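> sequence first, then the predicted structure:
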Amino acid sequence: MTFKDVLDQRRKASTAIFHSFQVSKSLPKTVHVFVESTDDMVFYGPQIRNEGYRYLVYDCDNKSNVLELAELVVSKSSRLSDCLFFVDRDLDLYLDKPYVITSGARRTFVTSFYSIESYVSDDASLDLLFLELSGVTAHASFFSQKADLLRDGRALFDALRFLSALVLISRRKGYRINLNNFSISRIVRVLGPDLVVRPRYWRQFLADVGLNDQSFAAAEVRSVLKELGPSEVQRWARGKYLVEVFFLLFKAMIPRVQKHCGKKGFVGKKVKVIDVQSWRAMFVLLCLRLQVPNDLQKFLQATLK
């Protein structure tokens, strides 16, 4: 299949989605939501419902299709006010030629961070989830243990930053890359309370995402690393990778707290953490507990009137 064939298939898919929208009925207090994946509604759905609206979802498969659907709605429909479009920012802040939204901009939400997963990937979310799923209270000893874990896990964040630099270089050079083929768990071992990054982890990453045949100059990598400030990890780290990092931190935190507390918590309660089996499960749990982000709240309040 040629690249032209792929583009033709995408156009047909967008046309089919647009047709489904056209034949649908306008219903009171209901919006038509166009997303990159129906999985995104774990994040957006509760917030839309909180505004008193129901929604019909259109899975557009990727970002470019969502933006193409926005153009179709603007040019061929009179129902733009019934629609909302949601896309991840990805690395647009760092790319020379980012996506430009030319149609339906007022009805299109672009994440402030890399993606929706980035909103729940911080130490505050780690606090929220761990404290809620255990008998441990927000005691100074807990935060001391968490601080030790984040310090010990610094190598993991450094590895994530290095891989993000490789991704950004690849995007700028137009290399074909499949980030879905890689998981952070491929380069990290959880040994009880410790997280160990595998030696030469980047080789595993390059092999998994299809960059084995590409070379990266050390000077170029160092230059790009300077662009990726450690304090802005939610902007440059792929959201799925970042939430997986915090999932691994959550798993490593359990034996640390249990060892520190013994059989009883900081206020005498038994420490029994409800285990979370995957980063996806953790993401869902965090979305259900998430206070609506300011940027999303402003967008919904401005569009759902």
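Good, I have the coordinates.
> for the chain, longest helix please?
Taking DSSP state H as the criterion, the chain has its longest helix at helix 239-261.
> please work out the average pLDDT along the following helix or strand past it.
The helix or strand immediately downstream of helix 239-261 is helix 279-289, counting by DSSP states H and E. Averaged across helix 279-289, pLDDT comes to 88.
> next: stretch 24-35.
For stretch 24-35, the mean per-residue pLDDT is 92.
> ok, now stretch 198-218?
Here stretch 198-218 scores 93 as its mean pLDDT.
> can I get the CA coordinates of that stretch in PDB?
Output of stretch 198-218 as PDB, limited to C-alpha atoms (Å, rounded to 0.1, in the frame of the first residue of the first chain):
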ATOM      1  CA  ARG A 198      18.200  -1.000  32.000                       C
ATOM      2  CA  PRO A 199      21.600  -0.200  30.600                       C
ATOM      3  CA  ARG A 200      21.600   1.200  27.000                       C
ATOM      4  CA  TYR A 201      17.800   1.500  27.300                       C
ATOM      5  CA  TRP A 202      17.600   3.700  24.200                       C
ATOM      6  CA  ARG A 203      18.600   0.800  22.000                       C
ATOM      7  CA  GLN A 204      15.400  -1.000  23.000                       C
ATOM      8  CA  PHE A 205      13.400   2.200  22.300                       C
ATOM      9  CA  LEU A 206      14.900   2.700  18.800                       C
ATOM     10  CA  ALA A 207      14.200  -0.900  17.900                       C
ATOM     11  CA  ASP A 208      10.600  -0.900  19.100                       C
ATOM     12  CA  VAL A 209       9.600   2.400  17.400                       C
ATOM     13  CA  GLY A 210      11.300   1.600  14.100                       C
ATOM     14  CA  LEU A 211      14.300   3.900  14.300                       C
ATOM     15  CA  ASN A 212      17.100   1.200  14.200                       C
ATOM     16  CA  ASP A 213      18.300   2.500  10.800                       C
ATOM     17  CA  GLN A 214      18.600   6.100  11.900                       C
ATOM     18  CA  SER A 215      21.600   7.700  13.600                       C
ATOM     19  CA  PHE A 216      21.500  10.600  16.000                       C
ATOM     20  CA  ALA A 217      24.500  12.900  16.500                       C
ATOM     21  CA  ALA A 218      25.500  13.400  20.100                       C
END
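> which of the residues in that stretch are buried?
Neighbour-count burial for stretch 198-218, counted by 16 or more other Cβ atoms under 10 Å, picks out 201-202, 205-206, 208-211, 216. For the C-beta atoms, the positions are set from N, CA and C on the backbone; glycine is no exception.
> let me know the next secondary structure element after the helix or strand of the chain with the lowest mean pLDDT.
One helix or strand of the chain scores below all others by mean pLDDT, DSSP states H and E: helix 3-23, with a mean of 72. Downstream of helix 3-23, the next assigned helix or strand under DSSP H and E is strand 30-35.
> contacts for that following strand?
By Cβ atoms under 8 Å, 6 or more residues apart in numbering, the residues outside strand 30-35 that reach it are 17, 21, 24, 41, 44, 48, 53-60, 66, 69-70, 79, 82-86, 304.
> and the helix or strand following it with helix 279-289, angle?
Remark: after strand 30-35, the chain's next helix or strand is helix 41-50, criterion DSSP H and E. Angle, helix 41-50 to helix 279-289, by axes from the mean of the first three to the mean of the last three Cα atoms, to 10 degrees: 10 degrees.
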